[in-house]
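> After the sequence you'll find the predicted model.
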Amino acid sequence: MISYKKLWHVLLDKDLKKKDLVTLAGVSTYTVNKLTHGENVTTDILQKICKALACDLSDIMDLVPDE
């Protein structure tokens, strides 16, 4: 399972909202909703987000082991 909690912290640190992420990264609100619920998105989407936020994948997501 993937956790995007780090992404929400990055947005807070940069004083951005989810709607700002839509604009900056050029992703849809549907995609942001998927991220909010921890659902899978493509690597292309993750790359757009990292580029828009000037960060690395490890800054926005974690792999959570199955319990």
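Yep, it's here. Residues are numbered from 1 along each chain as shown.

> From what I see, residue 7 and residue 58 are in contact.
No: taking contacts as Cβ atoms under 8 Å, residue 7 lies outside contact range of residue 58: 11.2 Å. Where C-beta positions appear, they are placed from N, C-alpha and C, glycine not excepted.

> Same drill for the two, tell me which one is more crowded.
Using other Cβ atoms under 10 Å as the criterion, residue 7 and residue 58 rank with residue 7 on top: 23 against 10.

> give me every residue that touches that one.
Contacts for residue 7 (Cβ atoms under 8 Å, 6 or more residues apart in numbering) come out as 35, 49, 60-61.

> Can I have the buried ones of the residues you listed as a ChimeraX selection?
Selecting only the buried entries of the contacts of residue 7 in ChimeraX, with 16 or more other Cβ atoms under 10 Å as the criterion:
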select :35,49,60,61
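
> wait, which of the contacts of residue 7 is closest to residue 26?
Closest approach between those and residue 26, by Cβ to Cβ: residue 49, at 9.5 Å.

> Now name the helix or strand holding the closest one.
Secondary structure from DSSP states H and E places residue 49 in helix 43-53.

> which of the residues in that helix are buried?
45-46, 48-50, 52-53.

> Output it as PDB, restricted to C-alpha atoms.
Provided in PDB are the C-alpha atoms of helix 43-53 (Å, rounded to 0.1, in the frame of the first residue of the first chain):
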ATOM      1  CA  THR A  43       4.200   7.300 -12.300                       C
ATOM      2  CA  ASP A  44       3.600  10.100 -14.900                       C
ATOM      3  CA  ILE A  45       1.300  11.800 -12.400                       C
ATOM      4  CA  LEU A  46       3.800  11.400  -9.600                       C
ATOM      5  CA  GLN A  47       6.500  12.900 -11.800                       C
ATOM      6  CA  LYS A  48       4.300  15.900 -12.600                       C
ATOM      7  CA  ILE A  49       3.700  16.500  -8.900                       C
ATOM      8  CA  CYS A  50       7.400  16.200  -8.000                       C
ATOM      9  CA  LYS A  51       8.300  18.600 -10.800                       C
ATOM     10  CA  ALA A  52       5.700  21.100  -9.700                       C
ATOM     11  CA  LEU A  53       6.700  20.900  -6.100                       C
END
